[in-house]
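*Asks:* Provided below for reference: sequence and predicted model.
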Amino acid sequence: MSMDRREFMRLGFLRLRDRAHKTVPEPIRKQFDPVRLDVSILTDHPDDADRIAEESLPEHFSGKFFRLKQSQLTGVFPGGVLLFEQNTLRDYRDGASMFYSALRQIHDDLELTRLQSDPTLLRFVNIIPSFSRTAEVFHKNVRVNAIPLYEDGRFIIEGTIGQMRIVVANQRLVVVDAPCAHGICKAHPPIITPGQRITCVPNEISIVIGVGD
């Protein structure tokens with residue numbers, strides 16, 4: 001097979017570049033840590049949500065796509081999608097990337113603008129946090145407290161629109177009172193395992209077990 005001069009030079013350059021990369025000492029090679037992604041979907045059609053998420057999201061999850069245990073809520077609540085990058089709540093409605101576009105499409109396909117009856121909370125992450133015996137509390141994306149799970153207690157967290165009351169019992173954390181209108185955080189089952197999260201959007205508070213940074 002013949003090869004013109006341009007192709008010969010291109011292949012030679014690629015070989016030299018590859019050889020140079022291999023000779024770089026390991027400690028100074030730049031390491032890329034994936035961004036921790038955490039997507040929650042509140043819907044009364046969990047099977048459809050799971051299927052759509054499987055079709056739309058894995059390619060954006062840094063090569064790993066995990067489903068966390070689903071949570072069942074009792075009552076009628078507005079549906080929605082929440083996106084956390086690391087421990088920062090992002091507004092997926094304003095993002096320009098294909099990932100944000102996929103989340104907006106999920107929101108539309110599941111008709112999450114309507115009220116959801118006894119909905120299911122689905123969680124998808126790309127990193128499973130290590131075991132922790134504390135719950136990290138974030139207000140406006142800033143860590144404000146760490147609540148121990150190894151001893152029972154009651155805690156008050158100041159949020160944007162008022163106080164949130166939290167109870168820890170038998171190593172489980174639950175929200176018992178909050179000033180938000182819909183009370184999704186109060187309807188959330190107790191959390192206990194690393195990565196589980198309770199979020200109150202109006203109060204701008206998120207409580208997550210064992211993530212660290």
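*Replies:* All right, it came through fine.
*Asks:* Helix, strand, or coil at the residue minimising distance to the centre of the chain?
*Replies:* Against the mean C-alpha coordinate of the chain, by C-alpha atoms, centre = their mean, the closest residue is residue 38 at 1.3 Å. Per DSSP: H, G, I helix; E, B strand; the rest coil, the secondary structure class of residue 38 is strand.
*Asks:* same thing with the one 3 residues further on?
*Replies:* When states are read from three-state DSSP, the local structure at residue 41 comes out as strand.
*Asks:* helices and strands of the protein: which one bottoms out on pLDDT?
*Replies:* helix 5-23 (a mean of 52; mean pLDDT, DSSP states H and E).
*Asks:* any idea how far the residue nearest to the centre of the chain is from residue 150?
*Replies:* 24 Å (C-beta to C-beta, to the nearest Å). Where you see a C-beta, it was placed from the backbone N, CA and C, and this is true even at glycine.
*Asks:* Also residue 79?
*Replies:* 35 Å.
*Asks:* the more surrounded of those two?
*Replies:* residue 79 (19 against 8; other C-beta atoms under 10 Å).
*Asks:* quick one: the strands in this structure?
*Replies:* In the chain, the segments counted as strands under DSSP state E are 37-43, 66-72, 76-78, 80-85, 88-90, 115-117, 120-125, 134-139, 142-148, 153-158, 163-169, 172-177, 197-200, 205-209.
*Asks:* now stretch 114-123, how far from the chain's geometric center?
*Replies:* Its chain's average C-alpha position is 17 Å from that of stretch 114-123, according to C-alpha atoms, centre = their mean, to the nearest Å.
*Asks:* Now it: buried residues?
*Replies:* 116, 119-123 (16 or more other C-beta atoms under 10 Å).
*Asks:* want to try a markdown table for those, with distance to residue 162 and pLDDT as columns?
*Replies:* Listed next are the buried residues of stretch 114-123 as a markdown table, based on distance: C-beta to C-beta, whole Å; pLDDT from 0 to 100:
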| residue | distance to residue 162 | pLDDT |
| --- | --- | --- |
| 116 | 24 | 97 |
| 119 | 24 | 98 |
| 120 | 28 | 97 |
| 121 | 23 | 96 |
| 122 | 28 | 96 |
| 123 | 26 | 95 |
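*Asks:* now those residues in TSV, with distance to residue 75?
*Replies:* Output for the buried residues of stretch 114-123, formatted as TSV (distance: C-beta to C-beta, whole Å):
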residue	distance to residue 75
116	9
119	9
120	12
121	12
122	17
123	19
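*Asks:* What residues does residue 123 make contact with?
*Replies:* 38-40, 67-71, 195-197 (C-beta atoms under 8 Å, 6 or more residues apart in numbering).
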